[in-house]
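Peer 1: compute the structure for the input listed below.
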Amino acid sequence: MSLTYIQHKIPFVREMMEVTRNLWEMGWGERNGGNISYLLAEEEVETYIDVTNVKRSLALEFPVVDLAGKYFIVSGTGKYFKNVVFNPEENLGVIRVAKDGKAIDIVWGYEDGSRPTSELAAHFMSHMERLKQDPNHRIILHTHATNSLAMTFVHDLDEKLFTKTLWQMCTECLVVFPDGVGVIPWIVPGTNKIGEITAEKMKDHRVVIWPQHGIFGAGRTMDETFGLIETVEKAAQIYMLINSHQGGIKQSLTDQELLDLAETFSVIPVAGILEAK
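Peer 2: Below you'll find the model as predicted:
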């Protein structure tokens, strides 16, 4: 379906409309699968929204003092990505973290009385960690990318081995994510535990694999974050295609070739994966 009809007066709402539609069309956002949070500049929000008009306040089960006063646009819990483009005011919401970090104020959206994603703990914890690593960080995106999910059933879940396999699948991979991917154990979603362990991985990686579930990705812009996950997913797709081939892999990128690639593009591969010959 064409995205040319997407129009909205608020730019960051339009971005959410576009990316949720793209994720659904890619087949990565079935039913109410996936969630997104986008850190917004205060002046950007105030240009389009009356932030003094608080619709509702919700207590948080976890304190996020480091995010006090910050604004986010967040996909709603139980909402379908395919529906965002038709009714963003119901499926999305703009929230502000309270000064004590113990609650959020809803200043726009969630018009049917809904609330932010059930993975808000994981989002907020990851935002806090990524902001320590990169002050320009803005996006946390969770999606059920098909081949990346499938790969967790058939590949060793050691994150160094997982990273190396992805790097070997497509020449651009090392350039796009030289920091590799983090991999966590399977954990019940929507819990503080999965948020804490994911955020710990976010200290070193912008992509975290949730086995038998999906991907958590971080970035400075929506395009960058979507492109990061898109690249990981393309590599996983190639792996799944060749993994089932009866002849097996006959050739792939060597460690030295990957190191040469890193030098050419001035990126530093995460340590402990590649060895120079």
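Peer 1: how many neighbours does Leu58 have?
Peer 2: 14 (other C-beta atoms under 10 Å). C-beta coordinates here come from the backbone N, C-alpha and C atoms, glycine included.
Peer 1: please read off the pLDDT at the nearest residue to it once chain neighbours are set aside from the model.
Peer 2: Of all residues not flanking Leu58 in the chain, Ile104 sits nearest, at 5.4 Å (C-beta to C-beta, 6 or more residues apart in numbering). Here the pLDDT value assigned to Ile104 is 97.
Peer 1: measure Ile104 to Val13 for me?
Peer 2: Using C-beta to C-beta, to the nearest Å, Ile104 is found at 18 Å from Val13.
Peer 1: circling back: Provide the secondary structure category for the residue nearest to Leu58.
Peer 2: Here Ile104 is strand, with the state taken from DSSP: H, G, I helix; E, B strand; the rest coil.
Peer 1: that one against Tyr110, yeah?
Peer 2: No. Applying C-beta atoms under 8 Å as the test, Ile104 and Tyr110 come out as separate, 10.9 Å apart.
Peer 1: these two: which is more packed in?
Peer 2: Ile104 (26 against 23).
Peer 1: quick check: bridge partners of that one?
Peer 2: Leu58, Val97 (DSSP bridges).
Peer 1: that one and Arg56: what is the separation?
Peer 2: 9 Å.
Peer 1: and for Ala262?
Peer 2: 49 Å.
Peer 1: try Glu200
Peer 2: To Arg56, Glu200 is 31 Å away according to C-beta to C-beta.
Peer 1: do the same with Glu230
Peer 2: 35 Å.
Peer 1: so which of these two has more stuff around it?
Peer 2: Between Glu230 and Arg56, counted using other C-beta under 10 Å, the more crowded position is Glu230 (18 against 13).
Peer 1: what packs against the host helix or strand of the more buried one?
Peer 2: Using DSSP states H and E, Glu230 maps to helix 222-243. Secondary-structure packing of helix 222-243 (3 or more C-beta pairs under 8 Å, 6 or more residues apart in numbering; DSSP states H and E): helix 11-25, strand 139-143, helix 146-154, helix 159-169, helix 172-176, strand 207-210, strand 214-219.
Peer 1: and the next element down the chain from the first one?
Peer 2: Tracing the chain C-terminally past helix 11-25 and defining elements by DSSP H and E, one meets strand 35-40 next.
Peer 1: that next one versus strand 139-143: what angle between them?
Peer 2: 170 degrees (axes from the mean of the first three to the mean of the last three C-alpha atoms, to 10 degrees).
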